[in-house]
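1. Just to be clear, the model below is a prediction. Sequence and coordinates:
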Amino acid sequence: MTIRYAIRPADPGAHLFHVTVGLERPDPQGQHFALPAWNPGSYMIREFARHIVRLTALAGGRKLRVEKLDKHTWRCARTEEDVTLAYEVYAFDLSVRAAYLDPEQAFFNGAALLLAPLGRELEDCRLDIFPPAGVRAGSWQLLTGLQAARGTRAGEFGAYLARDYSELIDCPVQMGRFAQGRFDVLGVPHQIAISGRVARLDLHRLEADLTRVCEAHVRLFEPRQPRPPFERYVFLTLAVDEGYGGLEHRNSCALICRRDDLPHLGMKETTEGYRRFLGLVSHEYFHAWNVKRIRPQAFSPYDLGRENYTRLLWAFEGFTAYYDDLMLARAGLLSQAQYLEALGRTMTTVMQRSARLKQSLAESSFDAWIKYYRQDENAPNSVVSYYQKGALVALALDLAIRGESGGRRCLDDVMRWLWRQWRLAGPSYRGIEEDGIVDAVTRATGLDLGRALRAWTEGTRDPDFSTLLLAVGIRLERKLALDSPHFALLGLKLQGASGEARVAQVFDGGPAQQAGLSPGDVLMALDELRVTPAKLDALLARYSPGDAIQMLAFRREELKRFDLRLARQPPPRFVLEVDERASAAAQRRRVAWCGERRR
């Protein structure tokens, strides 16, 4: 039997989708339906059911009683006739996680819209997608990773098929008017759609650069017979004034980026913004292997009604964050200097924050549901990023393997070993156990690095990067981070760069914290001179580390006076540079690691 779904952008102005679910032979004891509480890849309970506006059920043309059992589960009254649920969903989340609809465009993840008939999740699904009422045929486009049914041309409105509910909700849909590019990666068709106006968008350059990125990923996992693990792949992209993010899926990804980050005709240099976009693409594409296929045992299968706890997100998100820029370097889209600069920025961000000394990567992974995705003003002092520090642990592990094996093995071998386990297991694949990464490293490389890896991930020990980098002929230098005086000298971060100088975060051990300043305070004057976000750094530039100052600030509309002594030892900034005197072996390992090709 086939579960039949239908979606129509019923009222774009009111941001309402109309959805129906048709089910033959419902449970005679009363069929249960449930909507996921979260979306795989975004580890926070999002309560998608809160956006359902109204819901009704029909059986045999008659209205059927429906009872809501909990926050996201409904039960239909007993019946032997086919059941159809009809409901409206409010969609105004302009992100990659849920659903959005307005008169110009639409996007949805199935997890946010499509109720699952419980007990029937493994049956075939058909999704009929209709254009908004009044929209002229052909004026709206459609792109999804779902397979078009017979009679529907890919890219048009009509019927799409999924082998089960899991596949159905793992293929988001983009609709509206968008620019579209096409390219092949080792014989497999890829498409990119970009919604949002982008002046003089250079689609040809996008296609060429994305081809290089994707091919580099495929060759990492399949060096002998390179071919992607899917029959087609789509990048669903929304370009906005300010925004950044992505969400991986089995044969697609959803992206949001700044329109100014995309390449334009006549653009000769690769801008920092474009490199940021390519890094986002690289990150989500790597996830097609690492998370969507290679995955923790805790995700096999997903339980979409509650939190799925694992202590391994540092390996799945952190390793992916390590490889995103590294693959750009290997593809020749980042110079060696640009790649080392990016690594230095990540290292600086992580090492400047005290959270890395309080929360382990394993703890950060486990608590992602309540901490990483729900960060508050104290997050820099309490939450370590399993993305950024996880990437640094991946770097340390890669360098340790290269150094101890004399360049014969690397982290690539570990990823390939994990990939082979997925391929060999097939449908019986159960995922990686909580201590499985240590075992994978040993099996793939023949090296026993478990003690160091556990210290870096289950404890809070920092890797010795200075020593590890010598294996690839890189010198690590520490410099004073004085490019942002209010952070370096005061130990605080402001909320925005315009308007009032409101404190957003106060960092552990800094002068601001020691003097008693708190998030929410509004800085008014420094040594009797007015403070604004634009003026604060200029004022601080006239002082030296260790100087005493007086700050006036409003707290809950009351004027407060604070005596501070500027930091005597500003936080470090890490710089990675090629050691031209490194041994020939170290230089060869560096080339094998990140290449030397320049754009």
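-> Right, received. Where do you want to start?
2. Point out where this structure drops to low pLDDT.
-> For the chain, the stretches with pLDDT under 70 are 137, 596-599.
3. For it, which residue occupies the most central location?
-> By CA atoms, centre = their mean, the chain has its centre lying nearest to residue 246, at 4.7 Å.
4. So what sits opposite it in the bridge?
-> residue 255 (DSSP bridges).
5. List the residues that contact it.
-> 96, 253-256, 280-281, 283-284 (CB atoms under 8 Å, 6 or more residues apart in numbering). In this view, the C-beta of every residue, glycine as well, is placed from N, C-alpha and C.
6. same question, residue 579
-> 470, 473-475, 586.
7. With residue 432 instead?
-> 294-297, 312, 315, 418, 440.
8. So which of those wins on neighbours?
-> residue 315 (30 neighbours; other CB atoms under 10 Å).
9. Go ahead and confirm that residue touches residue 390.
-> Yes: with contact defined as CB atoms under 8 Å, residue 315 and residue 390 form a contacting pair (7.0 Å).
10. and which of the contacts of residue 432 is nearest to residue 91?
-> Nearest to residue 91 among those: residue 295, at 28.4 Å, using CB to CB.
11. ok, the closest one - contacts?
-> 316, 431-432.
12. do you know how far the nearest residue to residue 211 once chain neighbours are set aside is from residue 191?
-> Take residue 211 and drop its neighbours on the chain: the residue closest to it by CB to CB, 6 or more residues apart in numbering is residue 183, 4.9 Å away. Using CB to CB, to the nearest Å, residue 183 is found at 8 Å from residue 191.
13. again with residue 228
-> Distance from residue 228 to residue 191, by CB to CB: 13 Å.
14. So between these two, which is more surrounded?
-> residue 228 (22 against 19).
15. OK, contacts around the more buried one?
-> Residue 228 sits in contact with 185-186, 188, 214, 218, 288, where contact means CB under 8 Å, 6+ apart.
16. Pipe those residues into CSV and attach distance to residue 558 per row.
-> Shown next, in CSV, are the contacts of residue 228 (distance: CB to CB, whole Å):
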residue, distance to residue 558
185, 61
186, 65
188, 64
214, 57
218, 61
288, 54
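17. Show me how to select, in ChimeraX, the buried members of the residues you listed.
-> Entered in ChimeraX, the line below selects the buried ones among those, by 16 or more other CB atoms under 10 Å:
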select :185,188,214,218,288
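18. still on that earlier bit, tell me how far the particular helix or strand that has the residue nearest to residue 211 in it lies from the chain's centre.
-> Remark: residue 183 resides in strand 178-185, with elements defined by DSSP states H and E. Relative to the centre of its chain, strand 178-185 is centred 22 Å away, using CA atoms, centre = their mean, to the nearest Å.
19. again, but for stretch 157-164
-> 26 Å.
20. How about stretch 460-474?
-> That offset, for stretch 460-474, works out to 27 Å (CA atoms, centre = their mean).
21. Surely residue 562 forms part of a helix?
-> No: counting by DSSP: H, G, I helix; E, B strand; the rest coil, residue 562 is not part of a helix but strand.
22. Mind exporting the C-alpha coordinates of the strand holding residue 183 to PDB?
-> Extracted C-alpha coordinates of strand 178-185, given in PDB (Å, rounded to 0.1, in the frame of the first residue of the first chain):
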ATOM      1  CA  PHE A 178      14.900  30.900  -8.600                       C
ATOM      2  CA  ALA A 179      18.100  30.800 -10.600                       C
ATOM      3  CA  GLN A 180      19.200  27.300 -11.400                       C
ATOM      4  CA  GLY A 181      22.500  25.700 -12.400                       C
ATOM      5  CA  ARG A 182      23.400  22.100 -13.400                       C
ATOM      6  CA  PHE A 183      26.600  20.200 -13.400                       C
ATOM      7  CA  ASP A 184      27.800  16.600 -13.400                       C
ATOM      8  CA  VAL A 185      30.100  15.100 -10.700                       C
END
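23. Show me what the top helix by length along the chain is packed up against.
-> Ranked by residue count, the top helix of the chain under DSSP state H comes out as helix 203-221. If contacts are counted by 3 or more CB pairs under 8 Å, 6 or more residues apart in numbering; DSSP states H and E, helix 203-221 sits against strand 178-185, strand 188-195, helix 272-286, helix 319-330, helix 411-425.
24. taking these together, which one is wrapped up most tightly?
-> Of all the helices and strands packed on helix 203-221, helix 319-330 has the most neighbours on average by mean count of other CB atoms under 10 Å, namely a mean of 25.
25. Just the element for residue 343, please.
-> Under the criterion of DSSP H and E, residue 343 resides in helix 336-351.
26. Quick one: work out the angle between that helix and helix 319-330.
-> If you take axes from the mean of the first three to the mean of the last three CA atoms, to 10 degrees, helix 336-351 sits at 160 degrees to helix 319-330.
27. Alpha carbons only: can I get the next helix or strand after helix 336-351 in PDB?
-> Using DSSP H and E, the helix or strand that follows helix 336-351 in sequence is helix 361-366. Output of helix 361-366 as PDB, limited to C-alpha atoms (Å, rounded to 0.1, in the frame of the first residue of the first chain):
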ATOM      1  CA  LEU A 361      33.500  17.500  23.700                       C
ATOM      2  CA  ALA A 362      31.700  14.400  24.700                       C
ATOM      3  CA  GLU A 363      29.600  16.400  27.200                       C
ATOM      4  CA  SER A 364      29.000  19.100  24.600                       C
ATOM      5  CA  SER A 365      27.700  16.500  22.200                       C
ATOM      6  CA  PHE A 366      25.400  14.900  24.700                       C
END
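28. OK, contacts around residue 496?
-> Contacts for residue 496 (CB under 8 Å, 6+ apart) come out as 502, 504, 533.
29. tell me how far stretch 162-172 is from the chain's mean position?
-> 20 Å.
30. tell me which residues in it are buried?
-> 162, 165-172.
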